[in-house]
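# how would this look folded up:
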Amino acid sequence: QVRLVESGGGLVQAGGSLRLSCVASGTTFSSYTVGWFRQAPRKEREFVAAITRSGSTTFYADSVKGRFTISRDNAKNTVDLQMDSLKPEDTAVYYCAAQTGSLLNAFSRATNYGYWGQGTQVTVSS
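Residues are numbered from 1 along each chain as shown. Purely as a prediction, here's the structure:
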């Protein structure tokens, strides 16, 4: 059974940075495609970033491209999301999600991920 735990959320001023971490247990994390999603109040959950099993390829939502960086360390079973130049509209609960195998072109669809963390709150003040 895969267990995902996110950490690193908090309150930051606009223009600041945060680094989120997702730690997996109970599995060989290198077998999983991993994505970050976020959900703001009264909004649907949306794709933020994803990374392939080897870490060689990354994908980003247009809204975060150039500001966020996803990376992974399979030896440590972790996937990080470095968030720079944060904006108030980045405020949301951020979730780590994982799915075995390659999601090909479906990495941005939340329903394709079978394992989810509990989420971590990110609040960006203006």
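
# What lies in contact with stretch 85-94?
Identification of contacts with stretch 85-94 by CB atoms under 8 Å, 6 or more residues apart in numbering yields 6, 9, 12, 14-18, 20, 36-40, 43, 48, 63-64, 67, 81, 83, 119-126. Bear in mind the C-beta positions are built from the backbone N, C-alpha and C, glycine included.

# What is the end-to-end distance of it?
The first and last residues of stretch 85-94 sit 16 Å apart, counting by CA to CA, to the nearest Å.

# quick check, distance from that stretch to the centre of its chain.
Relative to its chain's centre, stretch 85-94 lies at 13 Å (CA atoms, centre = their mean, to the nearest Å).

# what's the model's confidence in it, averaged?
In this model, stretch 85-94 carries a mean pLDDT of 98.

# buried ones in it?
If you call a residue buried by 16 or more other CB atoms under 10 Å, then stretch 85-94 has these buried ones: Leu86, Asp90, Thr91, Ala92, Val93, Tyr94.

# Out of the residues you listed, the closest to Arg53 would be?
Nearest to Arg53, judged by CB to CB, of those is Tyr94 at 21.1 Å.

# Report the spatially nearest residue to the closest one, omitting neighbours in sequence.
Closest residue to Tyr94 apart from its sequence neighbours, by CB to CB, 6 or more residues apart in numbering: Arg38 at 4.8 Å.

# and Asp84, what is it in contact with?
Asp84 is in contact with Ser17, Arg67, Phe68, Thr69, counting by CB under 8 Å, 6+ apart.

# Any of these buried? List them.
Phe68, Thr69.

# As JSON lines, the contacts of Asp84 with secondary structure, pLDDT and distance to Ser102 would be great.
What follows is the contacts of Asp84, written out as JSON lines (DSSP: H, G, I helix; E, B strand; the rest coil; pLDDT from 0 to 100; distance: CB to CB, whole Å):
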{"residue": "Ser17", "secondary structure": "coil", "pLDDT": "98", "distance to Ser102": "30"}
{"residue": "Arg67", "secondary structure": "coil", "pLDDT": "98", "distance to Ser102": "26"}
{"residue": "Phe68", "secondary structure": "strand", "pLDDT": "98", "distance to Ser102": "22"}
{"residue": "Thr69", "secondary structure": "strand", "pLDDT": "98", "distance to Ser102": "21"}
